[in-house]
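Undergrad: Take a look and give me a structure for this.
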Amino acid sequence: MFTWLRIIKGLDKMELNDKITDMHLCLASPGKSLLFPGPTSITAEYDDLVKEITAYTDKIKKDDFMVTYGPYFFRGRRDRQAVDGDWLRLRRMASTPPIITELPTPMPTGVKKLVMSPHLLTGGLVYVIGAPASGKTTSCSAAVVSRLTEFGGYAYTVEDPPEMPLNGWHGKGYCSQTWVPGDSLADWQSAFRGVLRSQPSATPCILFVGEVRDAESAAALVRAASSGFLVFATGFGTDIPSSLDTLVRLASEGMELKSTLDSLSNVLRLVIHQRIVNGHLTARVLASANGRTAVAAKLREGRLTHLEGDIQYQDNQVMSGADIFMEHLKQAA
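TA: I've put the predicted structure just below:
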């Protein structure tokens, strides 16, 4: 299957207008294709691009995909519902990997400090939640790249489809992006098994899961975090307690609830609920340095609604510049 497509034949010398954010290509009538912002009708200068991409559509076996055009990256979706035939909806993505110090909507300093903490080198789960278009994938991608650059190590991604150009070297660290080859549960299981069986020894390892969408991915990320991976995962949610409740319910399908709560309480290191308000990223956090913190105890007992007090306290601590992980370690000493 071809989730990634490389458009060739010398077209990579062509430059796209920097203002173009989206391209909608009509497969039945390419001349009807649209450019955005707008919409505006596609111009003749893009004829070759449209022909090349549409010529490869027979190789696209999934409705969600990533396509590259020279140095440009597009996240794509095949729309099969339009009355005038199939369309390819292409969203232009960043051409370079994001780093945590140069995000388009900067991460609060205290949250950035937690995400980049050396304490996370021992592994655990970082869960980034929020509404659609709240920058979750960008934040996780930037964290992966920035941690590889600063600490080295090896990272895997399991995405459907990949959204950022993360593959390759970042400082002394390397990222291997993988895509899920199909839409079935078996495809996701296979992707996770491949990562868990490929963990190199004596090397800090990161796993980025594009989105927690089902019981298998939820259980797999908890297993990976228990195996020494630092796992970054995204999920939808309006607040931290309810999002953790959803994660617990997914991860415990077919398992004993107590076992899931025990495992999650031992590996959960950081939950970030982020929003973008008036172009600024705001975030609430819940950190737990290990399985012996008060946060871990409440999670282990399933008292998720009781975490609101911890969240409020930690928000104040982070705003004041405190390192929550170090505070936990001092309390445990």
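Undergrad: ok, now how distant is residue 76 from residue 107?
TA: Between residue 76 and residue 107 the computed distance is 28 Å (C-beta to C-beta, to the nearest Å). Any C-beta I mention is one placed from the backbone N, CA and C, and that applies to glycine too.
Undergrad: With residue 144 instead?
TA: In terms of C-beta to C-beta, residue 144 sits 14 Å off from residue 107.
Undergrad: which one of those two has more residues nearby?
TA: residue 144 (27 against 24; other C-beta atoms under 10 Å).
Undergrad: Give me the pLDDT for residue 132.
TA: Note for residue 132: predicted pLDDT of 87.
Undergrad: so is it in a helix, a strand, or just coil?
TA: Look at residue 132: counting by DSSP: H, G, I helix; E, B strand; the rest coil, its state is coil.
Undergrad: Number of residues surrounding the closest residue to it other than its chain neighbours?
TA: Counting by C-beta to C-beta, 6 or more residues apart in numbering, the nearest residue to residue 132 once its immediate chain neighbours are dropped is residue 236, at 7.0 Å. Around residue 236 there are 15 other residues, counting by other C-beta under 10 Å.
Undergrad: Then the one 3 residues further on?
TA: Look at residue 239: counted by other C-beta under 10 Å, it has 15 neighbours.
Undergrad: That one and residue 291, how far apart?
TA: 23 Å.
Undergrad: where does residue 193 fall, helix, sheet strand or coil?
TA: On the three-state scheme (three-state DSSP), residue 193 is labelled helix.
Undergrad: so what's it scoring on pLDDT?
TA: Value for residue 193, per-residue pLDDT: 81.
Undergrad: wouldn't residue 67 be in contact with residue 74 here?
TA: Yes. Judged on C-beta atoms under 8 Å, residue 67 makes contact with residue 74 at a distance of 5.0 Å.
Undergrad: any common contacting residues for the two?
TA: Both residue 67 and residue 74 are contacted by residue 90, under the criterion C-beta atoms under 8 Å, 6 or more residues apart in numbering.
Undergrad: ok, residue 296 touching residue 268?
TA: Yes. Counting by C-beta under 8 Å, residue 296 does reach residue 268; the two are 7.1 Å apart.
Undergrad: Between the two, which is the more surrounded one?
TA: residue 268 (25 against 21).
Undergrad: got the contact list for that one?
TA: Contacts of residue 268 by C-beta under 8 Å, 6+ apart are 124, 125, 127, 288, 295, 296, 299.
Undergrad: The first one - how many residues pack around it?
TA: Meaning residue 124. 22.
Undergrad: got a list of what it touches?
TA: 225, 230, 231, 267, 268, 269, 270.
Undergrad: Regarding the closest residue to it other than its chain neighbours, which helix or strand does it belong to?
TA: Once flanking residues are discounted, residue 124 sits nearest to residue 269: 3.5 Å by C-beta to C-beta, 6+ apart. Assessed by DSSP states H and E, residue 269 sits inside strand 268-277.
Undergrad: can you confirm residue 207 is in a strand?
TA: Yes. Under three-state DSSP, residue 207 falls within a strand.
Undergrad: My read is that it contacts residue 227, right?
TA: No. Under the criterion of C-beta under 8 Å, residue 207 makes no contact with residue 227, lying 9.4 Å away.
Undergrad: quick one, which of these two is more surrounded?
TA: Neighbours per residue (other C-beta under 10 Å) separate residue 207 from residue 227, with residue 207 holding more: 26 against 15.
Undergrad: pLDDT score for the more buried one?
TA: According to the model, residue 207 scores 96 on pLDDT.
Undergrad: quick one, what contacts it?
TA: Counted by C-beta under 8 Å, 6+ apart, residue 207 has contacts 155, 156, 157, 158, 195, 221, 224, 229, 230, 231, 232.
Undergrad: Save those as TSV, and put in neighbour count, secondary structure and distance to residue 283 too.
TA: What follows is the contacts of residue 207, written out as TSV (neighbours: other C-beta atoms under 10 Å; DSSP: H, G, I helix; E, B strand; the rest coil; distance: C-beta to C-beta, whole Å):
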residue	neighbour count	secondary structure	distance to residue 283
155	24	strand	22
156	23	strand	25
157	25	strand	22
158	24	strand	24
195	20	helix	27
221	27	helix	20
224	26	helix	24
229	24	coil	23
230	26	strand	19
231	24	strand	19
232	28	strand	15
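Undergrad: if we can go back for a sec, in the strand holding residue 269, which residues are buried?
TA: Residues 268, 269, 270, 271, 272, 273, 274 are the ones in strand 268-277 that count as buried (16 or more other C-beta atoms under 10 Å).
Undergrad: same question, stretch 249-269
TA: For stretch 249-269, the neighbour count (16+ other C-beta under 10 Å) marks 250, 251, 252, 260, 261, 263, 264, 265, 266, 267, 268, 269 as buried.
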